[in-house]
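sharing a model that was predicted from the sequence below.
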Amino acid sequence: REENAMTFQPPPPPPPPARPPGRPGFDPKSVNPLDWGILAAGVLAFIFSTFGYYTVSVSFSGYSVSDSASAWHGFFGWFAALVALLGGALVAAELFAPQATLPVPARLTGLGCFAVATLCVILALFVFPGEHVSGAGVDEGHGIGYWLSLVVILAGLVMSLMRLQQQGGQLPGALSNLPNLGAYGPGQQSQPGHNPPPAGYAPPPPAGPPAP
């Protein structure tokens, strides 16, 4: 009995669960820098919408009073922020949950979201929310939140276009004739000044063996 007790070995622990085939672990280094930029543009557009977006100042008899409001006081401001955030979320879903099936093409729809956000943020430059006040000493304008939102939304639009082109996506209609900006983005070997050979071009045949 003592010998059996000394030679007893506990059973080996169960092996770790096997990772499903075709679903490798997420590696942040494998993400294209433009994709990180798109995600940041969507989040920053939402954050900057809470800053001073619309401003108004009133001057009278040497006194001046000023105030500001966020983008959420005007339709075009908050709608631009939400649509830009949605564009970044679609790209995030493709990166972090590739097994999920989206009802829309993520890249093309994300680009469309940033295009709509760009249009709205430009309209917000000319459409001031609330009742329009005019007169001497009244100045309506835009604060730092607006200008930062404009910059990041435009950046998100350009980066979304570059990534769509890098992945071989096609724009609808006449938009398909836009320059291929994605060929010069991160992860691409094409460099400015490098032109592909014309259609129908064939390399010369290799030289034959030297004559005796």
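That came in fine, so what should we check first? Numbering: from 1, shown residues only.

for the residue nearest the centre of the chain, phi and psi?
With distances taken as C-alpha atoms, centre = their mean, the residue of the chain nearest its centroid is Ile38 (1.9 Å). When quoted as degrees, to the nearest 10, the phi and psi of Ile38 stand at phi -70, psi -40.

wait, it sits on Cys113?
No: contact criterion C-beta atoms under 8 Å: Ile38 and Cys113 do not qualify, at 10.3 Å. All C-beta atoms are positioned from the backbone trio N, CA, C, and that covers glycine.

skipping adjacent residues, who's closest to Leu82 in space?
Once flanking residues are discounted, Leu82 sits nearest to Phe46: 7.4 Å by C-beta to C-beta, 6 or more residues apart in numbering.

check which helices and strands the helix or strand harbouring that neighbour is in contact with.
Secondary structure assignment for Phe46, by DSSP states H and E: helix 33-48. Contacts defined by 3 or more C-beta pairs under 8 Å, 6 or more residues apart in numbering; DSSP states H and E place helix 33-48 against helix 75-96, helix 106-126, helix 144-166.

hmm, back to that, does the residue nearest to Leu82 touch Ala80 like I think?
No: between Phe46 and Ala80 there is no contact under C-beta under 8 Å: 9.9 Å.

higher neighbour count, those two?
Ala80 (29 against 20; other C-beta atoms under 10 Å).

gap between the closest residue to that one other than its chain neighbours and Phe128?
Counting by C-beta to C-beta, 6+ apart, Ala80 lies nearest to Cys120, which is 3.8 Å off, once chain neighbours are set aside. Separation of Cys120 from Phe128 (C-beta to C-beta, to the nearest Å) stands at 14 Å.

which one's more surrounded, these two?
Cys120 (24 against 17).

quick one: that one and Cys113, what's the gap?
For Cys120, the distance to Cys113 - C-beta to C-beta - is 11 Å.

can you list residues touching both of these two?
Residues touching both Cys120 and Cys113 (C-beta atoms under 8 Å, 6 or more residues apart in numbering): Val83.

buried residues, stretch 64-83. List them.
68-71, 74, 76-83 (16 or more other C-beta atoms under 10 Å).

equivalent analysis for stretch 87-97, please.
In stretch 87-97, counting by 16+ other C-beta under 10 Å, buried: 87-92, 94-95.

ditto for stretch 43-62
43-46, 48-49, 51-56.

residues contacting the closest residue to Gly87 other than its chain neighbours?
For Gly87, ignoring the flanking residues on the chain, the nearest one in space by C-beta to C-beta, 6+ apart is Cys113 at 3.2 Å. By C-beta under 8 Å, 6+ apart, the contact set of Cys113 is 83-84, 86-87, 90.

cool, and Leu178?
161, 171.

ok, it to Pro172 distance?
For Leu178 relative to Pro172 (C-beta to C-beta), the value is 11 Å.

do the same with Ala155
Here Ala155 is placed at a distance of 23 Å from Pro172 (C-beta to C-beta).

please identify which of the two sits among more neighbours.
Set side by side, Ala155 and Pro172 show more neighbours around Ala155, with 17 against 8, by other C-beta under 10 Å.
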